[in-house]
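In: below: sequence and its predicted model.
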Amino acid sequence: MLAELFWVGVVAGGAAAVVIWVLAARLAFRLAGARQASPLGFALAALWPFGARQTAGASAETATTLNKLMVAFFIAILIAIASMAVYSNLTFVPPVRTQ
């Protein structure tokens, strides 16, 4: 039962990271569209949306929002990784000795 609880933590952490990434990418695309960025700018917004806070056209409010999303993204990743480690320890089956 405890292993299933940590499996839920893995799934929830991974799903939260994906949702946060999509929200940050949406905000970065909006920022790139306001600056009339090149196609490379839109590709960079999709690959690493948190880098958009360092552009010249980013307002202080947008940069603060992207910083908060970046912190939340890394917290979600850490929760998923920690839950994966506990889950693997709880479900570990040692090999059988043959002698």
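Out: Sure, I can see it.
In: got the buried residues for the one helix or strand residue 41 maps to?
Out: If you go by DSSP states H and E, residue 41 is part of helix 39-47. For helix 39-47, burial by neighbour count (16 or more other CB atoms under 10 Å) applies to 41, 44-45. For the C-beta atoms, the positions are set from N, CA and C on the backbone; glycine is no exception.
In: what does stretch 4-23 give?
Out: 6-7, 9-10, 13-14, 16-17, 20-21, 23.
In: before we move on, what about stretch 20-34?
Out: Residues of stretch 20-34 classed as buried: 20-21, 23-25, 27-29, 31-32 (neighbour count, 16+ other CB under 10 Å).
In: format the residues you listed as a markdown table; extra columns: distance to residue 1, pLDDT and secondary structure.
Out: What follows is those, written out as a markdown table (distance: CB to CB, whole Å; pLDDT from 0 to 100; DSSP: H, G, I helix; E, B strand; the rest coil):
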| residue | distance to residue 1 | pLDDT | secondary structure |
| --- | --- | --- | --- |
| 20 | 29 | 95 | helix |
| 21 | 31 | 93 | helix |
| 23 | 33 | 93 | helix |
| 24 | 35 | 90 | helix |
| 25 | 37 | 89 | helix |
| 27 | 39 | 88 | helix |
| 28 | 41 | 85 | helix |
| 29 | 42 | 84 | helix |
| 31 | 45 | 82 | helix |
| 32 | 47 | 78 | helix |
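In: just name the shakiest helix or strand of this structure by mean pLDDT.
Out: helix 39-47 (a mean of 77; mean pLDDT, DSSP states H and E).
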